[in-house]
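S.K.: sharing a sequence plus its predicted fold:
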Number of protein chains: 2
Amino acid sequence: MVTNEDKNNLVNLAYVALKRDITEGVYRPGDKLLMRSLKERYEIGSGPMREALSRLVSERLVTAISQRGFRVASMSIDELTDIYFARAHLEAMITELAVKLGDESWEASVIASAHTLSRVTQVHSAEDMLGLWDARHKAFHLAIAQGCGSPKLLELRLTMLDQAERYRQLWLRHTVFSADALEAKREEHRHLIEVLLSRDHAKARDLMFQHMTGPVTIISEVIAARDLAGDE
Amino acid sequence: MVTNEDKNNLVNLAYVALKRDITEGVYRPGDKLLMRSLKERYEIGSGPMREALSRLVSERLVTAISQRGFRVASMSIDELTDIYFARAHLEAMITELAVKLGDESWEASVIASAHTLSRVTQVHSAEDMLGLWDARHKAFHLAIAQGCGSPKLLELRLTMLDQAERYRQLWLRHTVFSADALEAKREEHRHLIEVLLSRDHAKARDLMFQHMTGPVTIISEVIAARDLAGDE
DNA sequence: TTTTTCAAAAATATCTACATTTTTAGGTAC
DNA sequence: GTACCTAAAAATGTAGATATTTTTGAAAAA
């Protein structure tokens, strides 16, 4: 049987669609999410719609105030800084564990995903290229993290990745569409792999921390320029 | 105005009540959560009830399978080990940051909450004593963690604490009701504070890691003895 | 006899339509 | 401008309709 284990219900469809709409900016930070228009857009009743919203609340992408409905969570430089601080420390810790505990097959999968990432070229349209690079970049970092061997740590890592997603999108365009920035990332990745394979866990930890905090400056500038930081 | 900001709706009441029922063992690991009986017990319709369940799913206390309803999440030695492994590493990392970044008021609040904890005595009933010690013990560790200064890291910490809660309950009775175990914990806490105040972050980190992994052995034994680990 | 198959019935989960409650907006008097 | 009342809009909740899964029991096969 190849059918999906579960998740074939309207709630999940609405959840996925709304999540994408929020991270892609169809709904912007601070926007009111009116039940009437959500019902129409996602073709679903209020009950299931509330359930989908409720999930996004627990992922911090939506905020809820009792009797006053739902809003897209605001964005701010403060939150950006905190998310990336937490994420960098977490990822650095996981990397240290991976270097200490990862076996040969871990090394192999890191190298394989790095190779796959390096082969993303301009053959596709710009937008496709962006999506492909993003997916493979995520896969590369996941491969590294999986060396830690702890499902719960990987889960925590994913919740932080989700929360960073809207900020990451701002950085992504800035990086992928700049030949210089892209080459700089390539070099960082090469260096990272070298240190990982050398099994120097302290150095790997520090390097990953740096790698993760790098984007903060760029993202701050974009937020300031576009005035995405909501004034509530 | 001192009224609650929000959360005065049926969904939240059912959520809180069911969460307590699960962590207190009214519903046991693996139990089917029948919509009909939940509706009756919490006096609520299926829509809101689903929403409450959905929140518990995102906290990993309940599992959902599409079209087949909800169950209390199972417990296992494997999960225990992983949760405590992840939690210990996270808490150790946060402690290291707290020692590096915490200011004088942080030191003061750590000492204050340690004092409050040390004054829990047998004047109350055994069950009250358990609850009081648990609350103050949690407050003590929270005071330490808050020194890290990152709301997101504290949030991650809380999600792990929630996931550990059912396992912690097993350890709690074992510890609070044993004079020896309680005295050992007191000694660990004294030592911990000493190291925190000495600002030796590496030592503080290691000590916190140890402090967090200690309970695993005891809890494993209790699970094995009571056969709480579901055979799925 | 025991096991397997299968269809109907029962139980359960999911969703919609509508009723109720609360908040927001608009207008009027002070 | 502020306070207050009323009408409209919106959120929340219930009851019941629909769809899916599980159980039951009888017939067929081993």
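M.R.: Thanks, I have the structure now. Bear in mind that the values here come from a model prediction, so they are computed numbers and not experimental data.
S.K.: CA only for contacts and neighbour counts going forward, please
M.R.: Will do.
S.K.: gap between A:Ser37 and chain B?
M.R.: 20 Å (C-alpha to the nearest C-alpha, to the nearest Å).
S.K.: got a pLDDT number for that residue?
M.R.: At A:Ser37, the predicted lDDT confidence score is 96.
S.K.: just the one 10 residues further on next, same as before
M.R.: On the pLDDT scale, A:Gly47 is placed at 95.
S.K.: isn't it up against B:Gly47?
M.R.: Yes: applying C-alpha atoms under 8 Å as the test, A:Gly47 and B:Gly47 come out as touching, 5.6 Å apart.
S.K.: I'd like the distance from the particular helix or strand that has A:Leu13 in it to the chain centre, please.
M.R.: Taking DSSP states H and E as the definition, one finds A:Leu13 inside helix A:10-23. A distance of 16 Å separates the centroid of the chain from that of helix A:10-23, by C-alpha atoms, centre = their mean, to the nearest Å.
S.K.: show me where chain A has its helices.
M.R.: Using DSSP state H, the helices of chain A run over residues A:10-23, A:35-42, A:46-58, A:77-101, A:104-118, A:126-145, A:151-176, A:179-198, A:201-213, A:215-226.
S.K.: for the fourth one, give me every contacting residue.
M.R.: The list of residues contacting helix A:77-101 from outside it, by C-alpha atoms under 8 Å, 6 or more residues apart in numbering or on different chains, reads A:144-149, A:153, A:157, A:160-161, A:163-164, A:167, A:196-197, A:199-202, A:204-210, A:212-213, A:216, A:220, A:223, A:229, B:90, B:93, B:150-153.
S.K.: domains for chain A, by residue range?
M.R.: Structural domains annotated on chain A: A:10-72, A:77-226, as defined by automatic domain parsing.
S.K.: dump the ones you listed to CSV, plus mean neighbour count and distance to B:Phe85.
M.R.: What follows is the domains of chain A, written out as CSV (neighbours: other C-alpha atoms under 10 Å in any protein chain shown; distance: least, C-alpha to C-alpha, whole Å):
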stretch, mean neighbour count, distance to B:Phe85
domain A:10-72, 17, 23
domain A:77-226, 17, 8
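S.K.: of all those domains, which lies closest to B:Ala64?
M.R.: Among the domains of chain A, the nearest to B:Ala64 by C-alpha to C-alpha is domain A:10-72 (12.0 Å).
S.K.: got the CA coordinates for stretch A:221-230 in PDB?
M.R.: Extracted in PDB, the C-alpha atoms of stretch A:221-230 (Å, rounded to 0.1, in the frame of the first residue of the first chain):
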ATOM      1  CA  GLU A 221      18.400  45.500   6.700                       C
ATOM      2  CA  VAL A 222      15.600  44.000   4.500                       C
ATOM      3  CA  ILE A 223      13.100  44.300   7.300                       C
ATOM      4  CA  ALA A 224      14.000  47.900   8.000                       C
ATOM      5  CA  ALA A 225      13.900  48.800   4.300                       C
ATOM      6  CA  ARG A 226      10.500  47.200   3.700                       C
ATOM      7  CA  ASP A 227       9.200  48.200   7.100                       C
ATOM      8  CA  LEU A 228       7.900  44.700   7.700                       C
ATOM      9  CA  ALA A 229       8.300  45.200  11.500                       C
ATOM     10  CA  GLY A 230       4.700  45.800  12.500                       C
END
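S.K.: show me which residues of chain A are close to DNA strand C?
M.R.: Listed as neighbours of DNA strand C in chain A under the rule C-alpha under 7 Å from any atom of the strand: A:Asn9, A:Leu10, A:Val11, A:Glu43, A:Ile44, A:Gly45, A:Ser46, A:Gly47, A:Pro48, A:Gln67, A:Arg68.
S.K.: how close does the fourth one sit to A:Ser37?
M.R.: Distance of A:Glu43 to A:Ser37, computed by C-alpha to C-alpha, to the nearest Å: 9 Å.
S.K.: kindly report the same for the last one.
M.R.: From A:Arg68 across to A:Ser37, the span is 15 Å (C-alpha to C-alpha).
S.K.: which positions in chain A make contact with DNA strand D?
M.R.: Chain A has residues A:Leu33, A:Leu34, A:Met35, A:Arg36, A:Ser46, A:Gly47, A:Ile65, A:Ser66, A:Gln67, A:Arg68, A:Gly69, A:Phe70 near DNA strand D, with proximity defined as C-alpha under 7 Å from any atom of the strand.
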